[in-house]
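Visitor: Pasted the sequence and its predicted model underneath.
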Amino acid sequence: MTRSPHHATATIPPGTQRLGTLVAALREVADRGLPPEATARLVGERLAPHLGAADLLTDRQCATDPTSYRQHVLHAEPDGGFSLVALVWLPGQRTSVHDHVSWCVTGVHEGVEHETRYQLAPATDHS
């Protein structure tokens, strides 16, 4: 991935200083243009030290919704290189089965997540 100089000065997201530091670290990884597996591994390494830190998210970025899980977009790169989203669930809330169309990293900031992973099985010929 090649970026023009104006991308290096993308705005710091509204929120905490720690969140701004995390976004800068993720940008540095995304700018390397590595394969998806390597990018995801490095992003996970950059994310891990911030999880659980009291100064990562604002109260507004942790707000829940009693009817469904809530998505808070924390940052989106202007060129679409990556986005950072806080998904907030109350106990018992879930998502439908879904797929990600690019690399994805998840981290639990507070609480516990239960995840079921599926693998697409090749079709079999029943004739």
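Guide: Sure, I can see it.

Visitor: Helix, strand, or coil at residue 87?
Guide: Going by DSSP: H, G, I helix; E, B strand; the rest coil, the secondary structure assigned to residue 87 is strand.

Visitor: List the contacts of the helix of greatest length in the chain.
Guide: In the chain, ranked by residue count with DSSP state H as the criterion, the top helix is helix 17-30. Helix 17-30 is contacted from outside by 1, 10, 12-13, 39, 42-43, 46-47, 50, 53, 55-57, 74-75, 77, 81-82, 84, using Cβ atoms under 8 Å, 6 or more residues apart in numbering. Every residue, glycine included, has its C-beta placed from N, CA and C.

Visitor: cool, stretch 38-51 as well?
Guide: Defining contact as Cβ under 8 Å, 6+ apart, one finds that stretch 38-51 is touched by 18, 21-22, 25-26, 29-30, 32, 34, 56, 82, 103-105, 107-109.

Visitor: ok, now with 6 Å
Guide: Outside of stretch 38-51, the residues within contact range by Cβ atoms under 6 Å, 6 or more residues apart in numbering are 22, 25-26, 29, 56, 103, 105, 107, 109.

Visitor: got it, and stretch 58-74?
Guide: For stretch 58-74, with Cβ under 6 Å, 6+ apart as the criterion, the contacting residues are 13, 15, 84-90, 93.

Visitor: In PyMOL, how would I select just the buried ones from those residues?
Guide: Remark: buried members of these, expressed as a PyMOL selection using 16 or more other Cβ atoms under 10 Å:
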select buried, resi 13+15+84+86+88
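
Visitor: And the residue lying closest to residue 89 once chain neighbours are set aside, what's its pLDDT?
Guide: Sequence neighbours aside, residue 69 is the residue nearest to residue 89 in space, at 4.4 Å (criterion: Cβ to Cβ, 6 or more residues apart in numbering). Confidence at residue 69, expressed as pLDDT, is 92.

Visitor: Before I go, just wanted to say thanks for your time.
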